[in-house]
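[1] mind folding the following:
(chains A, B, C and D)
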There are 4 protein chains.
Amino acid sequence: MAGNSYGTLFRLTTFGESHGEALGGVIDGCPPGISLDFEAIQQEMIRRKPGQSAIVTQRKEPDEVQFLSGIFEGKTTGTPIGFIIPNTNQKSDDYSHIKEAFRPSHADFTYERKYGIRDYRGGGRSSARETASRVVAGAIAKQMLSDVKINAFVSSVGDIFIDKPYQDLDFSKIENNPVRCPDEVTAAKMEELIRSIRKDGDTVGGTITCVIQNVPIGLGEPVFDKLHAELGKAMLSINAVKGFEFGSGFCGARMKGSEHNDLFNENGTTKSNLSGGIQGGISNGMDIYFRVAFKPVATIMQKQTTIDKEGNSVDLEGKGRHDPCVVPRAVPIVEAMAAIVLADFYLLQKTYK
Amino acid sequence: MAGNSYGTLFRLTTFGESHGEALGGVIDGCPPGISLDFEAIQQEMIRRKPGQSAIVTQRKEPDEVQFLSGIFEGKTTGTPIGFIIPNTNQKSDDYSHIKEAFRPSHADFTYERKYGIRDYRGGGRSSARETASRVVAGAIAKQMLSDVKINAFVSSVGDIFIDKPYQDLDFSKIENNPVRCPDEVTAAKMEELIRSIRKDGDTVGGTITCVIQNVPIGLGEPVFDKLHAELGKAMLSINAVKGFEFGSGFCGARMKGSEHNDLFNENGTTKSNLSGGIQGGISNGMDIYFRVAFKPVATIMQKQTTIDKEGNSVDLEGKGRHDPCVVPRAVPIVEAMAAIVLADFYLLQKTYK
Amino acid sequence: MAGNSYGTLFRLTTFGESHGEALGGVIDGCPPGISLDFEAIQQEMIRRKPGQSAIVTQRKEPDEVQFLSGIFEGKTTGTPIGFIIPNTNQKSDDYSHIKEAFRPSHADFTYERKYGIRDYRGGGRSSARETASRVVAGAIAKQMLSDVKINAFVSSVGDIFIDKPYQDLDFSKIENNPVRCPDEVTAAKMEELIRSIRKDGDTVGGTITCVIQNVPIGLGEPVFDKLHAELGKAMLSINAVKGFEFGSGFCGARMKGSEHNDLFNENGTTKSNLSGGIQGGISNGMDIYFRVAFKPVATIMQKQTTIDKEGNSVDLEGKGRHDPCVVPRAVPIVEAMAAIVLADFYLLQKTYK
Amino acid sequence: MAGNSYGTLFRLTTFGESHGEALGGVIDGCPPGISLDFEAIQQEMIRRKPGQSAIVTQRKEPDEVQFLSGIFEGKTTGTPIGFIIPNTNQKSDDYSHIKEAFRPSHADFTYERKYGIRDYRGGGRSSARETASRVVAGAIAKQMLSDVKINAFVSSVGDIFIDKPYQDLDFSKIENNPVRCPDEVTAAKMEELIRSIRKDGDTVGGTITCVIQNVPIGLGEPVFDKLHAELGKAMLSINAVKGFEFGSGFCGARMKGSEHNDLFNENGTTKSNLSGGIQGGISNGMDIYFRVAFKPVATIMQKQTTIDKEGNSVDLEGKGRHDPCVVPRAVPIVEAMAAIVLADFYLLQKTYK
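    Got it, this is the predicted structure:
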């Protein structure tokens, strides 16, 4: 209820602050007997990790997952999987300047007013470092859903967009460049933009597109827990996300029914797929695809005027090394949350048989 | 878990098919001692009701709510509020043509494949008629949150958009026209477009903008149950919704941090509000605003080729009277779901004090 | 959260006060495709109904269930089953004497203090009339679990106990007498005791034993949601229940391990069954059996001194016709709650396969 | 859903096997601003710890809690409290003899059949070692509920019972002896019995009585989530528990209404308290008291014949040092679970105001 759990049958609970002892989580409901590929899990952690290239933050975090339970001789046992990711690289002194001041467009102010107390170091619980725990659970969910293919990629940075439908992209190229854009020409432009933004001490937003293929028909519940409603919540729960659309999305709102309807082939597939693989909240077997909007990171390397707890005006400047564009690093997080949502519905669907 | 409940502390469970005996619901967790304004509830039902003007469907439904429990001498008692809305106007014979055939871009196919059985009459459980129950709960949630102001309106139909910020609109004019657009000039154009679409037997999509004012600081939970993540899920759970964005939304993804950050005034308000009243998933006291995309209604008055259960190709044509544009009628539903989400977080926030 | 729902995958939500318009409920998560036997459901309602014999209350309630949704052409559809049971026989004027006064050992005082308002007529929400909704859901759960046999019976009234193990009883005789005791000699003594108690205007408690046979191995979750822990909660949620024990129960607390351990047969069954069919919270395939203690009904036909809302001393005397012993009528309620608990775990167990 | 969480607003999720890396848990929903007394928490851990006296198991476990999150400068922050308790003293080789064989009246068989895989070392997840995590959460719940007094004690071992009402006992003497019985004469007899049982390589059961004082009026939800129903579930979720009764309990089932009713004093307290401080599922301000039955520990130091996975008959003998009577060590666990249940209802009750 206090908001640190996701899912019902496949349920992740996370804990941990950016500069506390450790982050971690508990995955409850993972079915027994799954042989885990620990290297694949660690690989996802590396994808999310900062400091991988010149265009992302240089903070070094080994982000090594320690599994504490729920696994025996390499297999899941059906009991809860507890894990921790120690915070080995905190420099708490870096954060004294924000002990009293509220950074603009950060959660400092709202945490202070909601709880009356906050761990100000590095954003505490509001830091995107929390998403490391999601990536662990997502990596396990992916292994559970081994037939389903989940590919996310950066589809825009600032005003630079991929101008092709996802069907024309080669997902195997996503990891070929630091922006995680499978279209090489666009990737180069994005990278150039981010370098220029970085030079200015500024940040920039972008979008991620996620395509989920090979989803069984029937996942998702009608009415409140529609598949796309849960995917939307899951994406909107990621730090810095401002919007979500699936299938035709906001474009669909400009269309006519005669253009928008997906006509059936005789085998039950559809000729077009403006529905985005979901009808009435339930997967129809076609590709699920959606787009997620990320705002620019609020911490900029420029001086900003803000207020402290007493309402006094104070000047603030970002310190250390920060991401000019967080979107490439968010790609594995989007995939992780998608996997967690699907895992939950996949288990639920078994109860209908 | 099966998806027919929303909320935890203020919890709505709905039931009912389009052409069954009755729709209804249970509201559990409504605090005791609230003097209900039943006329205001019925007024919301009328707003959602079809057949109010030439531009919406002509099906007559009295949609009279019968409260069965949880209210004593006009006041809530803290026990669950059960209610029903009888289906008095079903014409089941209208639907024989879709008994075997799957309407394109409808939930017929996915329900059939998920459950192996479906009440095909009028869409059964997948019909937007279900939202009548949400409007009841939303109307009660609004009364519980009497200080909070929730105003939704149609901000676009097809390619016709309001070209003003919401601050320049007069919400008292929303109900002045059948499209529920507070800008009169735009409203006239929208109405004209819908009439023309109707003449063609076609349908058209649109967007609704919702503005929530006077929200206490501190609502929303960090991490998974962020205020905007729940609002997003709630909106995406409404029939025909394809997208959700709040604050700067998808536009924010094109901006720089130096443009996007909301600087503080000394009293804790912010000079701009691209954040949309929410920081780190928690309300900051500024206006919350978001936009919801609706696809065009799938039922069109034109002949379409589709398939039946056996995969045979069949021709299908919409019968009876259908909405050329469902967006105006969705305005009270958007408000209702927003109220339900806020009511739940409002109660939760009390536990922190 | 507010306590009017039970179960997660097979989830019952109830509403309704003793003297309101109607009782009712919603069953969410019932699998699709079950052909319902409506006569069997009504039969369970009749078993719970007051006024069936000289030894129980004479209030007439037809208790006819009206199903409103979730059923199509006699089969469940997988959508929520909404139902109501109209209150046709309320005599509200009967209850004016308890409008201001708190009946001893009733919920009048605690409801008043918890909510600040209460529907005092007939006990309102605290009345055992609410259990009618549970019996509906239990009857459907029984049909879903058609292989499982659930038999409850009255094992004691006051100091009169059945002195045989359940294995020596013939469950087909349970309904042969108004006390629902399968041992005829004991039944006659119980009936006599109840008549004598009734003559005195008094009431008497008793116990119900429930035996569940043919349960699949593996139901129940370890740690918090142990099968017997949920059965215990379900039973303790029934009005007037004061205790629950399963298997060896309180007697087991007096035994030695060398006496208490259930040794295995080679086929995995056990020679004894002091465990009561559950090990580590999980069914082991042996009979599950438990015992439930009911206090004597608090409403007696004798004058009692009590207090009103202002703390003034007032005299109170039970009016109308009341049960001298509620235990026989609780038999179908015990079975219903057992069926609901099993249905939930049965569905959950499918997610492990 | 998979059973490793308890509570809704104050929610504990536990993980960990007896012989894995570590046990641990997450407490979500603990209100912010509570100054934690860490020594008091550790003190509760010591109470639960084995090896404290000659009559309990000699396995040494430091059981040191490491808090990883949710606490800042000694105070709770409102974010989830993650903690671990490393397993420093596992001797995995001790357990090879039960790798293939199912111990009688243990969870070995049911885990194997439910999951198809199990961590057999020391009972894995089914070990009572899991309750260490509950004691951590209970200790924090106690601090949150600082006005409420929760005292549990051993009220019987085998056939030796305290023969006084709890009102005649001095709770400050509970910790004076290794059996945790506040009545010194009875304690001596219990201790003697346990020593004799130990000498025989046998085990013995017992009961714990718990008294909760100074509970605010109004805790507990009517219908399914009655205060005593949750207390019952919480107690029945503790390893080896076979029964639960509150107030008059099973004795109440033998009484008449005229004897059982608790008459009011003019201040709203009651003259007697057979109700056990709860009416209609809601606390009435009187002492809450209940009794919990524990079976004798299944692991005995005598040879038993059992079966292995293939159904072959094998001989088994307990190894190492085991508790002849687990009941004294269960006292802090009973208190912990009671505190967790109350904390949850306490927070919920705030939402009604």
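[2] confidence score at whichever residue of the stretch 51-200 of chain A sits closest to chain C?
    Residue nearest to chain C within the stretch 51-200 of chain A: A:G78 (6.4 Å; C-beta to the nearest C-beta). All C-beta atoms are positioned from the backbone trio N, CA, C, and that covers glycine. pLDDT for A:G78: 96.
[3] who's in contact with the nearest residue to it once chain neighbours are set aside?
    Using C-beta to C-beta, 6 or more residues apart in numbering or on different chains and skipping the chain neighbours, the partner closest in space to A:G78 is A:P32 (3.3 Å). Remark: with contacts taken as C-beta atoms under 8 Å, 6 or more residues apart in numbering or on different chains, A:P32 is in contact with A:75-78, C:352, D:115-117.
[4] try it again at 7 Å.
    Residues in contact with A:P32, defined by C-beta atoms under 7 Å, 6 or more residues apart in numbering or on different chains, are A:76-78, C:352, D:115-117.
[5] name the residues of the stretch 1-150 of chain A found near chain C, please.
    A:9, A:31-32, A:78 (C-beta under 7 Å from any C-beta of the partner chain).
[6] ok, 8 Å please
    A:1, A:8-9, A:29, A:31-32, A:78-79 (C-beta under 8 Å from any C-beta of the partner chain).
[7] now those as TSV including secondary structure?
    Output for those, formatted as TSV (DSSP: H, G, I helix; E, B strand; the rest coil):
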residue	secondary structure
A:M1	coil
A:T8	coil
A:L9	coil
A:G29	coil
A:P31	coil
A:P32	coil
A:G78	coil
A:T79	coil
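[8] how many neighbours does A:K173 have?
    A:K173 has 15 neighbours, counted by other C-beta atoms under 10 Å in any protein chain shown.
[9] residue in the stretch 201-350 of chain A nearest to chain D?
    Counting by C-beta to the nearest C-beta, the stretch 201-350 of chain A gets nearest chain D through A:L347, at 9.0 Å.
[10] any idea how far chain B is from that residue?
    Distance of A:L347 to chain B, given as C-beta to the nearest C-beta, to the nearest Å: 10 Å.
[11] likewise A:I340?
    Distance, A:I340 to chain B, by C-beta to the nearest C-beta: 10 Å.
[12] before we move on, what about A:T186?
    A:T186 is 15 Å from chain B, by C-beta to the nearest C-beta.
[13] helix or strand: which one has that residue?
    helix A:184-199 (DSSP states H and E).
[14] tell me the buried residues in stretch A:285-303?
    For stretch A:285-303, burial by neighbour count (16 or more other C-beta atoms under 10 Å in any protein chain shown) applies to A:285-301.
[15] and the closest residue to A:P31 other than its chain neighbours, what pLDDT?
    Spatial nearest neighbour of A:P31, chain neighbours left out: C:Y352 (5.5 Å); criterion: C-beta to C-beta, 6+ apart. Predicted confidence (pLDDT) for C:Y352: 84.
[16] now do the contacts for C:Y352.
    By C-beta under 8 Å, 6+ apart, C:Y352 lies in contact with A:31-32, A:78, C:218, D:114-115.
[17] re earlier: quick check: next helix or strand after the helix holding A:T186?
    strand A:206-213.
[18] and the lengthiest helix in chain A with helix C:327-350, angle?
    Determined from DSSP state H, the single longest helix within chain A is helix A:327-350. Here helix A:327-350 runs at an angle of 130 degrees relative to helix C:327-350 (axes from the mean of the first three to the mean of the last three C-alpha atoms, to 10 degrees).
[19] which neighbouring elements make contact with helix A:327-350?
    helix A:38-48, helix A:131-144, strand A:149-157, strand A:206-213, helix A:227-236, strand A:288-294 (3 or more C-beta pairs under 8 Å, 6 or more residues apart in numbering or on different chains; DSSP states H and E).
[20] tell me which of those lies nearest to C:R48.
    helix A:227-236 (38.5 Å; C-beta to C-beta).
[21] near chain B, anything from the closest one?
    Yes: judged by C-beta under 8 Å from any C-beta, helix A:227-236 comes into contact with chain B at A:228-230, A:232-234, A:236.
[22] is chain B contacted by the lowest-mean-pLDDT helix or strand in chain A?
    Among the helical and strand segments of chain A, the one scoring lowest on mean pLDDT, DSSP states H and E is strand A:313-317, with a mean of 90. Yes: counting by C-beta under 8 Å from any C-beta, chain B is contacted by strand A:313-317 at A:S313.
[23] try stretch A:104-123
    Yes: on the criterion C-beta under 8 Å from any C-beta, stretch A:104-123 is in touch with chain B at A:104-107, A:109-111, A:113-115.
[24] quick one: low-confidence ranges for chain A?
    A:51-62, A:89-94, A:320-321 (pLDDT under 70).
[25] what distance do you get for the residue lying farthest from the centre of chain A to chain B?
    When distances are taken from the C-alpha mean of chain A, A:E266 lies farthest, 36.6 Å away, according to C-alpha atoms, centre = their mean. Using C-beta to the nearest C-beta, we find A:E266 at a distance of 5 Å from chain B.
[26] that residue reaches B:G311, doesn't it?
    Yes: contact criterion C-beta atoms under 8 Å: A:E266 and B:G311 qualify, at 4.7 Å.
[27] how many residues are close by whatever residue of the stretch 151-300 of chain A ends up closest to chain C?
    Residue of the stretch 151-300 of chain A nearest chain C, by C-beta to the nearest C-beta: A:P222 (7.1 Å). Neighbour count for A:P222, taken as other C-beta under 10 Å: 27.
[28] what's the neighbour count on the nearest residue to it once chain neighbours are set aside?
    Spatial nearest neighbour of A:P222, chain neighbours left out: A:G281 (5.1 Å); criterion: C-beta to C-beta, 6+ apart. A:G281 has 26 neighbours, counted by other C-beta under 10 Å.
[29] for A:G281, what are its contacts?
    With C-beta under 8 Å, 6+ apart as the criterion, the residues that contact A:G281 are A:220-223, A:225-229, B:3, B:107, B:237.
[30] for A:N4, same thing?
    A:13-15, B:221-224, D:26, D:28, D:79-80.
[31] can stretch A:153-166 be said to contact chain B?
    Yes: Stretch A:153-166 reaches chain B (C-beta under 8 Å from any C-beta) through A:156, A:158-159.
[32] picking up where we left off before, neighbour-wise, which one of the contacts of A:G281 leads?
    A:L227 leads these on contacts (other C-beta under 10 Å) with 31 neighbours.
[33] ok, now which ones touch it?
    A:L227 neighbours (C-beta under 8 Å, 6+ apart): A:219-221, A:278, A:281-283, A:288, A:341, A:345.
[34] so which of those sit within helices?
    Among the contacts of A:L227, the members found in helices (DSSP H) are A:341, A:345.
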